[in-house]
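Visitor: predicted coordinates and the sequence they were generated for:
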Amino acid sequence: ALIQLPTPSNVTPITIADAATTDALEQSAAMGVAIGWGGRRGYAPGGETGDFPTRLNQVDLPLVPYASCQASRNGDFLNETMICAGADVDGTGTCQGDSGGPLLVMTENGPQQLGMTSLGIGCAQGGLYGVYARAAYFLPWMDAVMNGAAPTIVGDFGYVGVGQTVTIDVPITNRAADATSLAATMSENSNTAFSITEGNCAESIAQNATCSVSASFTPTVPGESRATFDLTSSNNVPTAVGGLIGEALNASTVAASTLATGDMMQWFSGGDAAWTIALGDTSAMQSGTVGEEQVSVIHASFDGAGTLNFEWRVDASPLAVLQLVVNGEISGGIAGNEDWSPVSIELPQGNHNVQLVYLKVGEAGDDFTGADAGYIKNVSWATAAAPTPPSAGGSSGGGSLSWLLAFACLLLLTYKAACIPKNVTSTHRG
């Protein structure tokens, strides 16, 4: 979270300790201080905390050398991005609610930040040390973001059918004092499903100006894929590594035959569960069974200009929503118990990717007796010579954060309406 002060502050901010200082303090087991709003009741692995404070708390914790911390974690993975702190007896430590808070140490240069609260095994258990993000490791990245050229977002392709190619632009901002031009290459050993070119970043980029690199994703197997890319400046401006992410869906012959769209559409499905033929209605498809923080996706890919028509309904648990995603942009959603209603979407000339995503952010209570699913049927595509361009255009992409924002919109509407843009029309019954 960020807090905007009404007037400028004259307080000197705490600095981040560099790598050499961090290493020396770690090896000497210097005393650190962790600050946060987390639970104050410790627990052994498998338990839970409580007693959350209403005022900011702090706790003194000695730093723990890397080898000792690794030995205490029974083989759990540690790496160079982490630093440990904690006591050898029960009673002190960080816990749930403290994550992201600072780990500080008093040095000859005053208080300095060494880490950010990250994870642990239980809470305040002697010999089970807490793990913190090692702030010094991220200093080059911070320098590039604040004083160099760096991506402003992760390149998110969203859901893509196996064998499809989707291309997106990833914006890069130059915050260096000097203009620069950039070359973009995939990082060593990156996933070969991704590729990247400089786009207009090969041209001169002035201070505080933004360019875009062009990234493509052509998956060959289903599931989530990630990759990173490197930027190289023409005049040694600091640069940050960029990230790419996408999830591939398997082709769905069941959807193609059930929805009877012929050769005009390619159908894919997946996520955490594929869509299947609807129970009691062989002309419809329904989302697969998913648990908390899981999704079931059905995806249609087609070309041309015209109007896409279909009917949808939902019988959702209280913490679930059926979302419509058109060319990477969330275009609507329904939740609660909604009967069949028609949807019509005008699309311009081009390649289109349309998805229904059944998203579940929490488990239903014992009193919920519905199907806990979304449905689609009666899909058709009517071509047109000159459709009205949609307000939510763009290349295929979009990520889970956007879906959660759309879900919040639906919560505000008390599960009884949908957020529908002007290029999408929908009629609800009941």
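Guide: Everything's here; your move. Residues are numbered from 1 along each chain as shown.
Visitor: where do the helices sit along the chain?
Guide: Taking DSSP state H, the helices of the chain run over residues 19-27, 66-72, 139-147, 253-259, 400-412.
Visitor: give the rounded mean pLDDT of the last one.
Guide: I take that to be helix 400-412. Helix 400-412 carries an average pLDDT of 41.
Visitor: adding mean neighbour count and distance to Ala284, write the helices of the chain out as JSON lines.
Guide: To be clear about C-beta, it is placed using only N, CA and C from the backbone, and glycine gets the same treatment. As requested, these are exported to JSON lines (neighbours: other Cβ atoms under 10 Å; distance: least, Cβ to Cβ, whole Å):
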{"stretch": "helix 19-27", "mean neighbour count": "16", "distance to Ala284": "58"}
{"stretch": "helix 66-72", "mean neighbour count": "16", "distance to Ala284": "53"}
{"stretch": "helix 139-147", "mean neighbour count": "15", "distance to Ala284": "48"}
{"stretch": "helix 253-259", "mean neighbour count": "17", "distance to Ala284": "7"}
{"stretch": "helix 400-412", "mean neighbour count": "15", "distance to Ala284": "22"}
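Visitor: including distance to Ser233, could those go into CSV?
Guide: As requested, the helices of the chain are exported to CSV (distance: least, Cβ to Cβ, whole Å):
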stretch, distance to Ser233
helix 19-27, 22
helix 66-72, 33
helix 139-147, 10
helix 253-259, 47
helix 400-412, 29
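Visitor: which one of those lies closest to Gly126?
Guide: helix 66-72 (9.9 Å; Cβ to Cβ).
Visitor: return the distance of the closest one from the chain's centre.
Guide: Centre-to-centre, helix 66-72 and its host chain are 31 Å apart (Cα atoms, centre = their mean, to the nearest Å).
Visitor: all the strands of the stretch 101-250 of the chain, in order from the start?
Guide: Secondary structure of the stretch 101-250 of the chain (DSSP state E, counting those that start in this stretch): strands at 102-107, 110-119, 130-134, 149-151, 155-161, 166-174, 182-186, 194-197, 210-217, 223-233, 242-251.
Visitor: which ones are touching the closest residue to Ala124 other than its chain neighbours?
Guide: Using Cβ to Cβ, 6 or more residues apart in numbering and skipping the chain neighbours, the partner closest in space to Ala124 is Gly42 (3.1 Å). Counting by Cβ atoms under 8 Å, 6 or more residues apart in numbering, Gly42 makes contact with Thr49, Asp90, Gly91, Gly93, Cys95, Gly122, Cys123, Ala124, Gln125.
Visitor: any chance of TSV for those, columns pLDDT, neighbour count and distance to Val354?
Guide: Converted to TSV, the contacts of Gly42 look like this (pLDDT from 0 to 100; neighbours: other Cβ atoms under 10 Å; distance: Cβ to Cβ, whole Å):
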residue	pLDDT	neighbour count	distance to Val354
Thr49	91	18	44
Asp90	89	15	55
Gly91	88	10	56
Gly93	92	24	49
Cys95	93	26	44
Gly122	89	18	46
Cys123	91	25	46
Ala124	90	25	50
Gln125	90	22	50
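Visitor: residue at max distance from the center of the chain?
Guide: Going by Cα atoms, centre = their mean, the residue of the chain most distant from its centre is Glu108, 39.4 Å out.
Visitor: and it, how close does it get to Phe310?
Guide: In this view, Glu108 and Phe310 are 68 Å apart by Cβ to Cβ, to the nearest Å.
Visitor: tell me what Val213 is bridged to.
Guide: Beta-bridge partners recorded for Val213 (DSSP bridges): Val170.
Visitor: surely it meets Gly199?
Guide: Yes: proximity of Val213 to Gly199 meets the contact threshold set by Cβ atoms under 8 Å, at 4.7 Å.
Visitor: anything in contact with each of those two?
Guide: When contacts are counted by Cβ under 8 Å, 6+ apart, Val213 and Gly199 are jointly contacted by Asp169, Ala184.
Visitor: which of the two has more neighbours?
Guide: Between Val213 and Gly199, Val213 has the larger neighbour count (other Cβ atoms under 10 Å), namely 24 against 18.
Visitor: return the distance of the more buried one relative to Thr152.
Guide: From Val213 to Thr152 the distance is 11 Å (Cβ to Cβ).
Visitor: joint contacts of these two?
Guide: With Cβ under 8 Å, 6+ apart, Val213 and Thr152 have common neighbours Ile172.
Visitor: and Asn423, what's its pLDDT?
Guide: On pLDDT, Asn423 comes in at 41.
Visitor: dump the strands of the stretch 101-250 of the chain to CSV, plus distance to Ala17 and mean pLDDT.
Guide: Below are the strands of the stretch 101-250 of the chain laid out as CSV (distance: least, Cβ to Cβ, whole Å; pLDDT from 0 to 100):
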stretch, distance to Ala17, mean pLDDT
strand 102-107, 7, 95
strand 110-119, 4, 94
strand 130-134, 10, 95
strand 149-151, 22, 96
strand 155-161, 32, 94
strand 166-174, 27, 95
strand 182-186, 30, 95
strand 194-197, 34, 95
strand 210-217, 32, 96
strand 223-233, 26, 96
strand 242-251, 26, 96
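Visitor: now render the ones you listed as TSV, adding distance to Ser257.
Guide: Shown next, in TSV, are these (distance: least, Cβ to Cβ, whole Å):
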stretch	distance to Ser257
strand 102-107	57
strand 110-119	46
strand 130-134	50
strand 149-151	42
strand 155-161	17
strand 166-174	25
strand 182-186	38
strand 194-197	32
strand 210-217	27
strand 223-233	24
strand 242-251	12
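Visitor: looking at the ones you listed, which is nearest to Asp339?
Guide: strand 155-161 (26.7 Å).
Visitor: can you tell me what sits against the closest one?
Guide: So strand 155-161 is contacted by 166, 168, 170, 215, 217, 219, 242-249, 251, 266, 268, 270-271, 297, 299, 301, 325, 328, 353, 355, 357, 396-399 (Cβ under 8 Å, 6+ apart).
Visitor: that one pairs with which strands, parallel or anti?
Guide: Going by DSSP bridges, the partners of strand 155-161 are strand 242-251 (parallel).
Visitor: ok now the partner strand, how far from the chain's centre?
Guide: 12 Å.
Visitor: same deal with stretch 317-330?
Guide: Relative to its chain's centre, stretch 317-330 lies at 15 Å (Cα atoms, centre = their mean).
Visitor: now do the same contact list for Ile153.
Guide: Ile153 touches Val170, Pro171, counting by Cβ under 8 Å, 6+ apart.
Visitor: how close does it get to Thr210?
Guide: Taken as Cβ to Cβ, the span from Ile153 to Thr210 is 11 Å.
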